[in-house]
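A.B. asks: Take this sequence and fold it.
(2 chains)
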Amino acid sequence: MSSFFEVSHRSSRSKARLGEIRTDHGVIKTPSFVAVGTKGTIKTLTPELVREIKTQVAFVNTYHLVTHPGADIIEKVGGIHNYSKLNMPLMSDSGGFQVFSLAQSSRARQHNFSHTSFIQPGVKQSQRKADVRGEEEPLLVKITEDGVKFRSIYDGQLVEFTPEKSMEYQLKIGADINMAFDECTYYPATHEYAEKAMKRTHQWLKRCIQFGAQQRVFSSTSPPKGGSPKSLTQKQLSSLPFTNHQSLSANRYLYGVIQGAIFEDLRKKSAEFVVSQNTPGVAIGGVSVGETKKEMRDQVRWVADYLPKDRPVHLLGVGQIDDIVDLVKYGIDTFDCVEPTRLARMGVLYEVRKQNFLSQRGPFRHAQDKPYPESEKNLFSSPPYEIDITQSIYKNNLEPVDVNCDCYTCSNFAKSYLHHLFKQREILGYTLATIHNLWTMERLFEKIREMIGNNLI
RNA sequence: CCAGAGGUGGCGGAGUGGCCAAUCGCAGCAGACUGUAAAUCUGCCGGGUUUUCCCUGCGGAGGUUCGAAUCCUCCCCUCUGGA
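C.D. replies: Predicted coordinates:
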C-alpha cells in the first residue's frame, strides 16, 4: 500500500521537493496550488471547468459550510465531493481562520471601517488595542480555552466551535485532508497574546488528534487498514442520491497548524511542537494577515528547518506568485490562496510576461519591504504583471489577456471582449477571468515542478 | 394654435429663499484585495495644482431680496394630450 505522501526528488539548491499526495480522490503532484472553494464551489466555475483547468486540489471551509447548508445535509448526501461534484482531492479548513477574519470584521464595523481598510498598516495602534478576542465582550466571536463561539454572519445564530466540533464537522463534510482547529493570531499581536494563542492552538491540536483517534482516523501517515468507521460501503454509497463515484473518503488526513505570529521564538517552538505530534501533514498558519511581505516570509523561513522531510507541508493563505516561488524553497508543498479567484472577479488578470515583471506596479505591494537583490530577479522573483481589465485602455484592444497563455479564455477572447463583459457586469466575464487566473496558477506550478526537477529552484 | 408638464454638473435624477458647488445613482478616474461575509470595498469626480480660500454655476435675459437653482417678468427650447 502506498503512503499518503511520497517525495520523488529533492532539489540540490534548496529545500524544495517534488512529491505526491495520495488521497481517495486522486493524486496531487506537489508543489501544488490549492484552489479556494470556500462554500463548496470555486466561484463562477462549474466542476467541469475546474477539471479542464486541471486544478489538482481544492479547499473548502468548515465554518461556512456548517453555517450553510449545514454539515448534516452534506453528510447525508455522501460528503462534499458528491454534494458539490468537485471530484478531486479536497482539503477543509477548520474554521479557525474565521475567528480571525470575522473578529476583524466586527471590529471594523465597530470603527466604521471596511474589513479591508481595517487591516491596513495605516490604522492607528490605539484602535487595535481594545480587542474583542480573548475574554472580552465580543460582537461576533468569543474565544476561550475550550473553543470559540461565533455569531453567524448569515442569520445571527450562535455557532460554537471546539476542536472536537470542528473535527466532527470536517468528518461529516468529508474532505480528504483536514486542518486542526487553530487560532489564527491577528496582527499585530503582542508577544504575550501570541504565546497564549499559540499554546491554546497546541492544546487544541492534541484534542483534534485525540478526537481523530477515537474515530480511528488521522492516526498515521499511512491509510488505516480497512478504512475508518466513517467510510461507507459501496452498497451504502450506491443508495445515496446523485452518487456517481466514490464519495466519502475512507481515509482522512489531519494537518496540525503552526502558529506564533511574527515572533521567531514562538514560531520555532510551535513548529517543534506541531511536528512532534506526528500528524500526517503540517500546515503553517497565521501568515499574510496584514504584516509586511518580509515578516510573512520570515515566519516561514524560521520554521523551515523544523518542517518534516517525509510529510507534506501546507502554507495557509499564500499567496501571490512571487511568494509562492520563494516559499517553495523552504519546503512548502501546497498553497491555498483566494488571490487568483478573487482578483479575477475584480477584473485583475495575470499577465505573466517576463519582460514586464518589474514594471508597472513594481515588484512589491508593500513599499516598506526591501527590493530583491539583483541575483533574485529571475522569472518568478516578482509578482505577476497584472492588468486591470476594467480600464478603458482595453476597450479596443483585440489581443488576448496574455499572449503566451493557452487557456480557454486567452485562446478565444480579446481583452476588448473581457473589458466589455466586466463593464457590463456580465456573469461570463467573471468566469472567463477565473479560468484564466487559475490556469495561470496551474501552469506556474507545472513550471515550478519542472524547475525543481532540474534543480533550478 | 390651445391645455398641461418640464428645462439642474458627461448622463439619469433630487432639491423649490440662506445649512447648495448643489443628496443620490450611473458613467469616468485612482486605490485596495494573500487559510473568501468580496461579481466586493474605499477615495476622487465644475475650475483654480493643497486649502477652513477664490472663481464660474442649476435653459437665456432682466428683476425682487441682506441673500435665489429655489420668488416675479419676458424670451428660447422639450415633452404629453387636444384641435
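A.B. asks: Relative to residue A:340, how far out is residue A:438?
C.D. replies: According to C-beta to C-beta, to the nearest Å, residue A:438 and residue A:340 sit 5 Å apart. To be clear about C-beta, it is placed using only N, CA and C from the backbone, and glycine gets the same treatment.
A.B. asks: joint contacts of the two?
C.D. replies: A:33, A:35 (C-beta atoms under 8 Å, 6 or more residues apart in numbering).
A.B. asks: Let's verify the residue most central in space within chain A: helix, strand, or coil?
C.D. replies: When C-alpha atoms, centre = their mean is applied to chain A, the residue found nearest the centroid is residue A:336 (2.7 Å). Put simply, residue A:336 is strand when judged by DSSP: H, G, I helix; E, B strand; the rest coil.
A.B. asks: ditto for the one 5 residues further on
C.D. replies: Three-state assignment for residue A:341 (three-state DSSP): helix.
A.B. asks: still on that earlier bit, not including adjacent chain positions, what is the nearest residue to the residue nearest to the centre of chain A?
C.D. replies: Nearest residue to residue A:336, sequence neighbours excluded (C-beta to C-beta, 6 or more residues apart in numbering): residue A:34, at 3.8 Å.
A.B. asks: contacting residues around residue A:195?
C.D. replies: Contacts for residue A:195 were tallied using C-beta under 8 Å, 6+ apart; they are A:263, A:266.
A.B. asks: change it to 6 Å
C.D. replies: residue A:266 (C-beta atoms under 6 Å, 6 or more residues apart in numbering).
A.B. asks: What is the longest helix along chain A packed up against?
C.D. replies: Ranked by number of residues, the top helix in chain A under DSSP state H is helix A:427-453. On a contact count with 3 or more C-beta pairs under 6 Å, 6 or more residues apart in numbering; DSSP states H and E, helix A:427-453 meets strand A:17-23, strand A:32-36, helix A:339-345, strand A:348-351, helix A:408-412, helix A:415-423.
A.B. asks: Report the buried residues of the shortest one.
C.D. replies: For strand A:348-351, burial by neighbour count (16 or more other C-beta atoms under 10 Å) applies to A:348-351.
A.B. asks: any idea how far residue A:274 is from RNA strand B?
C.D. replies: To RNA strand B, residue A:274 is 12 Å away according to C-beta to the nearest atom of the strand, to the nearest Å.
A.B. asks: can you give me the angle the longest helix of chain A makes with helix A:415-423?
C.D. replies: Here helix A:427-453 runs at an angle of 120 degrees relative to helix A:415-423 (axes from the mean of the first three to the mean of the last three C-alpha atoms, to 10 degrees).
A.B. asks: any idea how far helix A:427-453 is from the chain center?
C.D. replies: Distance of helix A:427-453 from the chain centroid (C-alpha atoms, centre = their mean, to the nearest Å) equals 15 Å.
A.B. asks: Repeat that for stretch A:262-276.
C.D. replies: Relative to the mean C-alpha coordinate of its chain, stretch A:262-276 is positioned 20 Å out (C-alpha atoms, centre = their mean).
A.B. asks: Tell me the buried residues in it?
C.D. replies: Within stretch A:262-276, the residues that qualify as buried by neighbour count (16+ other C-beta under 10 Å) are A:262-263, A:266-271, A:273-275.
A.B. asks: neighbouring contacts of that stretch?
C.D. replies: Under C-beta under 6 Å, 6+ apart, the answer for stretch A:262-276 is A:191, A:194-195, A:198, A:202, A:256, A:258-260, A:282, A:291, A:295, A:299, A:302-303, A:306, A:308.
A.B. asks: repeat that with 8 Å
C.D. replies: Counting by C-beta under 8 Å, 6+ apart, A:187-188, A:191, A:194-195, A:198, A:201-202, A:205, A:256-261, A:282, A:291, A:295, A:298-299, A:302-303, A:306-308 sit against stretch A:262-276.
A.B. asks: Okay, and which of those map to strands?
C.D. replies: Using DSSP state E, the members of those that fall in strands are A:256-258, A:282.
A.B. asks: Name the nearest of these relative to RNA strand B.
C.D. replies: residue A:257 (5.1 Å; C-beta to the nearest atom of the strand).
A.B. asks: residues in contact with residue A:67?
C.D. replies: By C-beta under 8 Å, 6+ apart, the contact set of residue A:67 is A:152-155, A:157, A:159.
A.B. asks: and if you look at residue A:63?
C.D. replies: Residues near residue A:63 by C-beta under 8 Å, 6+ apart: A:93, A:95, A:97-98, A:150, A:159, A:161.
A.B. asks: ok, of the contacts of residue A:67, which come out buried?
C.D. replies: In terms of neighbour count (16+ other C-beta under 10 Å), the buried residues within those are A:153, A:159.
A.B. asks: give me the number of residues near residue A:30?
C.D. replies: Neighbours of residue A:30 under the rule other C-beta atoms under 10 Å: 29.
A.B. asks: And for residue A:427?
C.D. replies: Using other C-beta under 10 Å, residue A:427 is surrounded by 10 other residues.
A.B. asks: Contacts only, for it.
C.D. replies: residue A:44.
A.B. asks: coming back round to it: filter the contacts of residue A:67 down to the ones in helices?
C.D. replies: Reading helices off those, I find no matches (DSSP H).
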